[in-house]
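Asker: Sequence first, then the predicted structure:
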Amino acid sequence: MHGTARVAVSMNGLQRCHVCDFLSPEDIHRVISDVRPDQILHLAASSDPSDPNKLLQTNISGVWNLLEACEKLNREVDVLIVGSAASFGEMHQGEVGLGSNRVCEPGSLYGVSRQTQTEMGRIADGNNGLKVFLCRTFNLIGPGISDRYVPTALAARIQAAVEQGASELELRDMDGVRDFIDVRDAVAAYFAILEHGQTGHPYSVGSGEPVTIGQLADVLAAEQGAAIRFKEPEITPGKSRSGIKRSVADATDLQKDTGWAPRFTLCDSVRDMLTTQ
């Protein structure tokens, strides 16, 4: 199905999975009515710019179908919509962090769709007992993340270069700045928001530490024991998919409201990520 997603359910320590089509209001309503959840962490999204129709339908229609299905339960349900830092767009000159009060200026269709999720969550919050919590997560790193993320994809490129006997590796956007948050810290933040956060308030989930792509590459190479030098391509291709040069979180309100704080350093995350690949 076009919008197929897995719905993981945890009850009394037992887990089971339902498969449903988020683009079918009837299908998602069937699953929500069957499960009758107390809490929902919505993490499903499409980020593929080559299929903009799927991206918009999954990220916008899919979320709206979920919220409507929860409203129809007519009982209290806590829903956390996990969004993306792509909603913010590029940082302005002089900005040191992106927080909940910052006006969003997404620079990509993906960012627009993720910010739309946030606005839909605000609209649905309070309807028929529905409580909608919001967050925007920055760049994930750590054990178990898929190879579609920058850290794992870059680690694989470094390993391949070493196996080929290369001493150099071309790397785009080395001076691009990102905020890498360990996946374990991110998950802890999600539950902290559900437990202690404010509804309708889009928390930024990030470490607050700026890291360039070049710095990340150096840490990855060191942890892999790779003696390799990174350089920008002589002919620079078009702009990156995100179109964002700098993106760093300001998680002040998240820490203040929930007591959450990141526990894992970049080196911790890289080391644990590599051992699980």
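Answerer: Thanks, I have the structure now.
Asker: where do the strands sit along the stretch 151-277 of the chain?
Answerer: For the stretch 151-277 of the chain, the strands defined by DSSP state E, counting those that start in this stretch cover 168-170, 177-178, 180-182, 202-205, 211-212, 229-231.
Asker: which one of the ones you listed lies closest to residue 91?
Answerer: Of all the strands of the stretch 151-277 of the chain, it is strand 177-178 that lies closest to residue 91, at 8.2 Å by C-beta to C-beta. Any C-beta I mention is one placed from the backbone N, CA and C, and that applies to glycine too.
Asker: residues in contact with the closest residue in space to residue 249 that isn't next to it in sequence?
Answerer: Spatially, and ignoring its direct neighbours in sequence, residue 249 is nearest to residue 206 (2.4 Å; C-beta to C-beta, 6 or more residues apart in numbering). For residue 206, the contact set (C-beta atoms under 8 Å, 6 or more residues apart in numbering) comprises 85, 137, 138, 139, 179, 181, 248, 249, 250, 251.
Asker: Tell me if residue 62 really is in a strand.
Answerer: No - applying DSSP: H, G, I helix; E, B strand; the rest coil, one finds residue 62 to be helix, outside a strand.
Asker: Can you give me the distance of the residue nearest to it when sequence neighbours are not counted to residue 159?
Answerer: Of all residues not flanking residue 62 in the chain, residue 22 sits nearest, at 3.5 Å (C-beta to C-beta, 6+ apart). Using C-beta to C-beta, to the nearest Å, residue 22 is found at 35 Å from residue 159.
Asker: ok, the two, which is more surrounded?
Answerer: A direct count of neighbours by other C-beta atoms under 10 Å for residue 22 and residue 159 places residue 22 higher, at 26 against 16.
Asker: So what does that one look like in phi/psi?
Answerer: For residue 22, the backbone dihedrals (degrees, to the nearest 10) come out as phi -70, psi -20.
Asker: That one touches residue 44, doesn't it?
Answerer: Yes - applying C-beta atoms under 8 Å, one finds residue 22 in contact with residue 44, separated by 6.5 Å.
Asker: and residue 200, how many neighbours does it have?
Answerer: 16.
Asker: Check residue 77 too.
Answerer: Residues near residue 77, counting by other C-beta under 10 Å, number 21.
Asker: For it, which non-adjacent residue is closest in space?
Answerer: residue 70 (4.7 Å).
Asker: Now do the SS call for that neighbour.
Answerer: Strictly by three-state DSSP, residue 70 counts as helix.
Asker: List the contacts of it.
Answerer: By C-beta under 8 Å, 6+ apart, the neighbours of residue 70 are 32, 40, 77, 79, 124, 130.
Asker: Identify whichever of the strands of the stretch 151-277 of the chain lies nearest to residue 274.
Answerer: The nearest among the strands of the stretch 151-277 of the chain, by C-beta to C-beta, is strand 180-182 at 13.4 Å.
Asker: List the contacts of the closest one.
Answerer: Contacts with strand 180-182, where a contact means C-beta under 8 Å, 6+ apart, come from 137-142, 151, 205-207, 209, 211, 216, 249, 262-264, 266, 268-269.
Asker: Mind listing what's buried along it?
Answerer: Across strand 180-182, burial judged by 16 or more other C-beta atoms under 10 Å covers 180, 181, 182.
Asker: now swap in stretch 108-127 and tell me
Answerer: Under the neighbour-count criterion of 16+ other C-beta under 10 Å, stretch 108-127 has 108, 110-118, 120-122, 124-125 buried.
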